[in-house]
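Enquirer: Give the three-dimensional model of this entry:
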Amino acid sequence: QLQFVESGGGLVQPGGSLRLSCTTSGFTSDNYAISWFRQAPGKEREGVSCIGSGFAHTKYADSVKGRFTISRDNAKNTVYLQMNSLKPEDTAVYYCAQRGHSGLCGGMNLDDYLNWGQGTQVTVSS
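Expert: Numbering: from 1, shown residues only. As a prediction, the model looks like this:
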């Protein structure tokens, strides 16, 4: 089964930082846009950030702009999400997925994405 594997989550205090990684299992994703999503308990899954196949093409949710940075290393088939100045409201399970067969980010609509990973838990708490 084609799937992404997320890692790097954990427990961090407010104001702290984490770097999440998203790697592929059994396939390459160089030519496709990859997004990070998150889902908090009792809430719908929401788009956090996206990076297109062209490295300069990135997109962020308003709630994380200026705090999160997405990047990718195609040689390692890995997409990163650097999260700084974390807040309790960032607590969620974070997932990555591929935007179909497109290299562009578009609107980060869930239905456009495939090869979802199992997620990694991020908890921001003192």
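
Enquirer: pLDDT below threshold where in this protein?
Expert: Confidence mapping of the chain against pLDDT under 70 gives the ranges 1.

Enquirer: isn't residue 6 right next to residue 96, touching?
Expert: Yes - if you go by Cβ atoms under 8 Å, residue 6 and residue 96 touch, sitting 5.6 Å apart. C-betas here are computed from N, CA, C, even on glycine.

Enquirer: Kindly confirm my reading that residue 101 is in a strand.
Expert: No - Residue 101 is assigned coil when assessed by DSSP: H, G, I helix; E, B strand; the rest coil, not a strand.

Enquirer: tell me the contacts of residue 108?
Expert: Residue 108 is in contact with 35, 37, 47, 50, 59, 61, 99, counting by Cβ atoms under 8 Å, 6 or more residues apart in numbering.

Enquirer: so how far is residue 126 from the most centrally placed residue in the chain?
Expert: Among the residues of the chain, the one closest to the centroid is residue 36, at 2.1 Å (Cα atoms, centre = their mean). Distance of residue 36 to residue 126, computed by Cβ to Cβ, to the nearest Å: 24 Å.

Enquirer: Next: residue 83.
Expert: 17 Å.

Enquirer: Residue 71 now?
Expert: From residue 71 to residue 126 the distance is 28 Å (Cβ to Cβ).

Enquirer: who has more neighbours, these two?
Expert: Per other Cβ atoms under 10 Å, whichever of residue 71 and residue 126 has more neighbours is residue 71, with 14 against 8.

Enquirer: tell me the contacts of the residue nearest to the more buried one when sequence neighbours are not counted?
Expert: Computed as Cβ to Cβ, 6 or more residues apart in numbering, the closest residue to residue 71 that is not its neighbour in sequence is residue 80, at 4.9 Å. Applying Cβ under 8 Å, 6+ apart to residue 80 gives the contacts 19, 20, 21, 22, 70, 71, 72, 73.
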